[in-house]
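Novice: Sequence isn't available, so here's the structure alone:
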């Protein structure tokens, strides 16, 4: 049986770096098939020497429904913080459509170590 | 991509076949708003070279069928008729592929309002941050026309 070689720049899946994500919602709004869902809350951070606390967004949930995703890559392109990147991992199958919805825990594993 | 007048559509594709482009690739429609563009690709199997050809339809949205030149084109022409409302002149088979007959406007025209876009909550409608502060500025999804998304107060802005 011939071994299938996946090229390193293959557009197979999309990975997320939650530490880079600022919950700006741009990817959610630009997605043509509405397959990205994001939930976040605000948190006040007081930095030493600052005159007032800084409000930061904390990412709570981030899901991509790969059953709806058409792999157009718009989310990867529009992310201003490079929090989304193409992964060459093999697209996993599922027994039901809901099994193709992946959250932060899984998406972070698909984020390439060096970005893309 | 080679652009040809709609009157030469069949002649040009027949010329491609005579030039050795023996495999049919696909036909696709593109809604350019002011007109419908039809694109066809054919492939020469001897050297895998591909010829892309496009034509812009007139206001009557009619194009001649090439199914007698490339048999495989018939399926794509049915799609063109069903999804873009194009009249394919001389097509032997005009049965709809996916939608029931008379089920409303052609689905892939930009002017067609898709029910799912109205009934499905847009994930981008929420603002970043606290849920309680969501919807301070209502936005509209890309590709959703004004007036499609109406909130309970009756405004869509």
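Specialist: Here it is on my side, so go on. Note that this is a predicted model, so its numbers are computed, not measured.
Novice: got a pLDDT number for the closest residue to residue B:22 other than its chain neighbours?
Specialist: Ranked by Cβ to Cβ, 6 or more residues apart in numbering or on different chains and with sequence neighbours excluded, the top spatial neighbour of residue B:22 is residue B:45, at 5.5 Å. C-beta: built from backbone N, CA, C; applies to glycine. pLDDT recorded at residue B:45 is 88.
Novice: Kindly list the main-chain dihedrals of residue B:82?
Specialist: The phi/psi pair for residue B:82 (degrees, to the nearest 10) reads phi -80, psi -40.
Novice: ugh, wrong one, I meant residue B:36
Specialist: Per degrees, to the nearest 10, the backbone of residue B:36 is at phi -100, psi 130.
Novice: For the closest residue to chain A within chain B, which three-state class applies?
Specialist: Closest to chain A within chain B is residue B:124: 3.5 Å, counting by Cβ to the nearest Cβ. Here residue B:124 is recorded as helix under DSSP: H, G, I helix; E, B strand; the rest coil.
Novice: Which helix or strand contains residue B:104?
Specialist: Using DSSP states H and E, residue B:104 falls within no helix or strand.
Novice: Which residue, other than its chain neighbours, is closest to it?
Specialist: Nearest non-adjacent residue to residue B:104, counting by Cβ to Cβ, 6+ apart: residue B:112, 7.5 Å away.
Novice: isn't that neighbour right up against residue B:85?
Specialist: No. Taking Cβ atoms under 8 Å as the definition, residue B:112 is not a contact partner of residue B:85, at 9.1 Å.
Novice: Mind listing the shared neighbours of these two?
Specialist: Here residue B:112 and residue B:85 have B:105, B:106 as joint contacts, going by Cβ atoms under 8 Å, 6 or more residues apart in numbering or on different chains.
Novice: coming back round to it: so who does the residue nearest to residue B:104 touch?
Specialist: Contacts of residue B:112 (Cβ under 8 Å, 6+ apart): B:104, B:105, B:106.
Novice: Ok, residue A:76 next?
Specialist: Residue A:76 sits in contact with A:14, A:84, A:85, A:86, where contact means Cβ under 8 Å, 6+ apart.
Novice: pLDDT weak spots in the chain?
Specialist: Answering for chain A, as no chain was given. The model of chain A has pLDDT under 70 over residues A:1-10, A:114-116.
Novice: was after chain B, sorry
Specialist: B:101-103, B:128-138, B:142-143, B:145, B:147-157.
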